[in-house]
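[1] Here is my input, please return the structure:
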Amino acid sequence: MTYSYFPGCTLKTKGKELDIWARASAEALGFTLEELPQWQCCGAVYPMARDEIATRLSSVRALMAAREQGRELVTLCSACHHVIKRVNHDLQTDETIRDRVSRYLGLDTPYAGETTVMHYLEILRDRVGFEELAKKVVKPLTGRKIGAYYGCLLLRPSGEMGFDDPENPRILEDFIRAIGAEPVIYARRNECCGGYCTVENRAYAGKQVDKIMENAQSAGAQELITACPLCMYNLKENASDGLPVHYFTELLAEALGVKEAAE
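    Numbers count the residues shown, from 1 in each chain. Sure thing, here's the model as predicted:
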């Protein structure tokens, strides 16, 4: 199976490991991520104003490219997934935005949200299946107690994202079980890490991170995983004395036995 793939800017720079391990793991699992040609930055922040059209266009172009290829569009970065999924929802449900986008781009055939947008984790859950993933594991992470850190962007707003239960998610915990480790449930796993404040108010971001780390440690976690490059930066750089933090794709590649080759 081949999917259209939107990597996003960070996965070409500071978050390149998230991308590298994902591609290697996809190959081991029997599917292909085909990077969209000439993709542009998604903008990283979803535009809340209905009349803010220009900042939606890079997402629309990516969505249209996937439609032309007749494929589902896969993302990895939580921020990219959040923006593209919500812009797609706008084009599905808001006739005014759809009309303005069509006129701005000069489209003969309007884009109306036909592309299915999926996060890589959803491919593992809904296309590969966690039971099948577990069968492909060659180096189970037995004995490791791992806390899942979701953050904000994957889960909310739940009506538009449709990713998991925003109050009690389980997709990352099910993933952890599939690779042979023990998931640790802790209360702050779906609370904001303060990443968007880290430049303007680093002390506040650090305070948020410390609360998350202390909560995870008190529940027994030995390490954390995340899908968000911004969360990764904040959890690693602003924690006063925190747990090790990994991209979920690193542990996936490790369990599938392809991590070293990918590096």
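[2] How about the contacts made by Gly206?
    Neighbouring residues of Gly206 by C-beta atoms under 8 Å, 6 or more residues apart in numbering: 194, 238-240. (C-beta placed from N, C-alpha, C; glycine too.)
[3] got the residues you listed as TSV, with pLDDT columns?
    Output for the contacts of Gly206, formatted as TSV (pLDDT from 0 to 100):
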residue	pLDDT
Gly194	93
Asn238	92
Ala239	91
Ser240	88
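[4] Please, where are all the strands along this protein?
    2-6, 32-35, 73-75, 117-119, 145-148, 182-184, 223-226, 245-247 (DSSP state E).
[5] wait, which of the contacts of Gly206 is closest to Lys211?
    If you rank the contacts of Gly206 by distance to Lys211 using C-beta to C-beta, Gly194 comes first, at 9.3 Å.
[6] Just give the number of residues close to that closest one.
    Neighbours of Gly194 under the rule other C-beta atoms under 10 Å: 22.
[7] what's the answer for Tyr46, then?
    As a burial measure, Tyr46 scores 21 neighbours (other C-beta under 10 Å).
[8] Gly106 too?
    That count, for Gly106 with other C-beta under 10 Å as the rule, works out to 6.
[9] Distance-wise, check it relative to Tyr46.
    Distance, Gly106 to Tyr46, using C-beta to C-beta, to the nearest Å: 24 Å.
[10] ok, now Trp39?
    Counting by C-beta to C-beta - Trp39 and Tyr46 are separated by 17 Å.
[11] contacting residues for the residue positioned nearest the centre of the chain?
    The residue lying closest to the centre of the chain (C-alpha atoms, centre = their mean) is Ser78, at 3.3 Å. Going by C-beta under 8 Å, 6+ apart, Ser78 touches 119, 151, 153-154, 226-231.
[12] Which residue is the nearest non-sequential neighbour of it?
    The shortest distance from Ser78 to any non-neighbouring residue, by C-beta to C-beta, 6 or more residues apart in numbering, is to Cys228 (3.6 Å).
[13] Repeat that for Glu27.
    Sequence neighbours aside, Val258 is the residue nearest to Glu27 in space, at 7.5 Å (criterion: C-beta to C-beta, 6+ apart).
[14] Repeat that for Gln217.
    Leaving aside its chain neighbours, Gln217 sits nearest to Leu243 (6.3 Å; criterion: C-beta to C-beta, 6+ apart).
[15] now Ala205
    Gly194 (3.7 Å).
[16] Next: Pro37.
    Nearest in space to Pro37, with sequence neighbours left out and distances taken as C-beta to C-beta, 6+ apart, is Ala65 at 7.3 Å.
[17] Can you pull the phi and psi angles for the residue nearest to Gln217?
    Dihedral pair for Leu243: phi -80, psi 160, per degrees, to the nearest 10.
[18] residues touching it, list them.
    If you count contacts by C-beta under 8 Å, 6+ apart, Leu243 has them with 147, 213, 216-217, 221-224.
[19] Out of those, the closest to Glu263 would be?
    Glu263 lies nearest to Glu223 out of those, by C-beta to C-beta, at 18.6 Å.
[20] what's the neighbour count on the spatially closest residue to that closest one that is not a sequence neighbour?
    The spatially closest residue to Glu223, leaving aside those adjacent along the chain, is Pro244, at 4.5 Å (C-beta to C-beta, 6+ apart). Residues within reach of Pro244, counting by other C-beta under 10 Å, total 12.
[21] do Pro7 as well
    Residues near Pro7, counting by other C-beta under 10 Å, number 22.
[22] who's in contact with the residue nearest to Ser78?
    Cys228 neighbours (C-beta under 8 Å, 6+ apart): 77-79, 151, 153-154, 195.
[23] Please report how far it lies from Tyr149.
    8 Å.
[24] is it true that the residue nearest to Pro37 touches Tyr5?
    No: with contact defined as C-beta atoms under 8 Å, Ala65 does not count as touching Tyr5 (10.6 Å).
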